[in-house]
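1. Next come a sequence and a model predicted from it.
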Amino acid sequence: MFVYIIMLLQSLIASGTHIVAKVVVRDVEPVTLTMIRSGIAAVGFSILAVVRREKFRFRKEHIGTILLLGFLAIPVNQFLFLTAMKYTTPTNAALFYSTTPALVLVLSSLMGLEKVGWKKGTGVLTAFAGVCMIIFEHGIDFGSEYLIGNLLLIVAVFAWAYYTVSGKAMIIHYGAINMSIATMLIGTIMFMPVGMIGLVDYDFSALTVAHWSGLLYLAIGTSVISYLLWYYALSRTTASKVAVFANLQPILTTILAWTLLGQTVTPVFIIGGLIALGGIFITQYA
């Protein structure tokens, strides 16, 4: 019973990420926000590394992959996610990220790591159809903020999926927590040349208690605590049961966005979301 409480808590924290990011990015532009978030998370992971006495000894042939993982994690995934949140809705972000398992399956197939049967293939296409309904809900207008935000989300989710596929072998070699610490630190360092430009001239006195609370939520709550809860759940039950709770995120985010932000839930989003979630379910359990 306790592990189910942990999984529900993890899903709530992850769902809240999209809401908090939408609120904070209104006042803190994405470059600065990414730098502050990743910097705080890097400090948190550094403390974790010291406590766990981690030894980062990587094989030469793995260094290129590890550098790529760091690049995908922060400069691509986190930065594009926060930039997208400036233009699109929290519910869209939650739904798009919930398609990660289906996208991971496609990438694994293209890389020759996993075969896709007709059932899983049907699930992937169904999920993609649902997402497309939401992407083009406001029409195909490349000047539309919604469309720009949704397209940025697609790239961010693709980066996260590729990070997942490419990182699998590294996790087997070095462990999940070890690799997360390494990629967070490496990704933060990679983003610094751009991120520090925004920090140098940034007026930190403009940040309110609410802003700092949001930043800490994104950095510590999402990037550290939520991650640790996820792996605790995986260590106590099967991956399929944990995945079911992950699929709750679009629903929980929609409820939070409706109650806290007053976001309107459109019929197109509901229909597209149900189609996408149905496709995700087919993909995972075919």
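-> Ah, there it is.
2. Could you point out which residue ranges in the stretch 101-250 of the chain have low pLDDT?
-> 113-114, 116, 134-144, 231, 234-248 (pLDDT under 70).
3. how about the helices in it?
-> 118-135, 145-174, 176-200, 209-216, 227-236, 239-246, 249-256 (DSSP state H, counting those that start in this stretch).
4. what residue is smack in the middle of the protein?
-> Nearest residue to the geometric centre of the chain (C-alpha atoms, centre = their mean): Tyr97, 6.2 Å.
5. ok, that one touching Val157?
-> Yes - judged on C-beta atoms under 8 Å, Tyr97 makes contact with Val157 at a distance of 5.7 Å. All C-beta spots, glycine's among them, are computed from the backbone N, C-alpha and C.
6. quick check: angle from the helix or strand where Leu277 lies to helix 118-135?
-> Per DSSP states H and E: Leu277 is located in helix 267-285. If you take axes from the mean of the first three to the mean of the last three C-alpha atoms, to 10 degrees, helix 267-285 sits at 160 degrees to helix 118-135.
7. residues contacting the closest residue to Gly198 other than its chain neighbours?
-> Distances taken as C-beta to C-beta, 6 or more residues apart in numbering place Thr32 nearest to Gly198, at 3.8 Å, with adjacent residues excluded. Neighbouring residues of Thr32 by C-beta atoms under 8 Å, 6 or more residues apart in numbering: Gly195, Gly198, Leu199, Tyr202.
8. residues in contact with the residue nearest to the first one when sequence neighbours are not counted?
-> In space, not counting the residues next to it along the chain, Gly195 is nearest to Met35; the distance is 2.9 Å by C-beta to C-beta, 6+ apart. If a contact means C-beta under 8 Å, 6+ apart, then Met35 has Phe191, Met192, Val194, Gly195, Met196, Gly198, Leu199 as its contacts.
9. Now Met35: phi and psi?
-> phi -70, psi -40 (degrees, to the nearest 10).
10. I would like the residues contacting stretch 67-77, please.
-> Contacts for stretch 67-77 (C-beta under 8 Å, 6+ apart): 34, 38, 155-156, 159-160, 162-163, 166-167, 170, 179, 182-191, 194.
11. and it, how far apart are its ends?
-> 14 Å (C-alpha to C-alpha, to the nearest Å).
12. residues of that stretch that come out buried?
-> Residues of stretch 67-77 classed as buried under the neighbour-count rule (16 or more other C-beta atoms under 10 Å) are Leu68, Leu69, Gly70, Phe71, Leu72, Ala73, Ile74, Pro75, Val76, Asn77.
13. What is the burial count for Val200?
-> For Val200, the count of nearby residues is 8 (other C-beta atoms under 10 Å).
14. Revised request: answer the last question for Gly44.
-> 18.
15. how about the strands in the stretch 1-150 of the chain?
-> Along the stretch 1-150 of the chain, no segments are classed as strands by DSSP state E, counting those that start in this stretch.
16. re the thing from before, where helices are concerned, which of the buried residues of stretch 67-77 count?
-> By the criterion of DSSP state H, membership of those in helices covers Leu68, Leu69, Gly70, Phe71.
17. now, which of those sits nearest Leu274?
-> Leu69 (33.4 Å; C-beta to C-beta).
18. Could you report the distance from that closest one to Ser180?
-> According to C-beta to C-beta, to the nearest Å, Leu69 stands 10 Å off from Ser180.
19. related to what we said a few turns ago, how much space between the residue nearest to the centre of the chain and Asp201?
-> Relative to Asp201, and taking C-beta to C-beta, Tyr97 is found at 32 Å.
20. what do you get for Ala219?
-> Taken as C-beta to C-beta, the span from Ala219 to Asp201 is 21 Å.
21. Counting neighbours around each, name which of these two comes out higher.
-> Neighbours per residue (other C-beta under 10 Å) separate Ala219 from Asp201, with Ala219 holding more: 20 against 7.
22. So the more buried one sits against Ile40, correct?
-> Yes - between Ala219 and Ile40 there is a contact under C-beta under 8 Å: 3.6 Å.
23. How about Gly39: what's its closest non-neighbour residue?
-> In space, and not counting its chain neighbours, Gly39 is closest to Thr188: 6.1 Å by C-beta to C-beta, 6+ apart.
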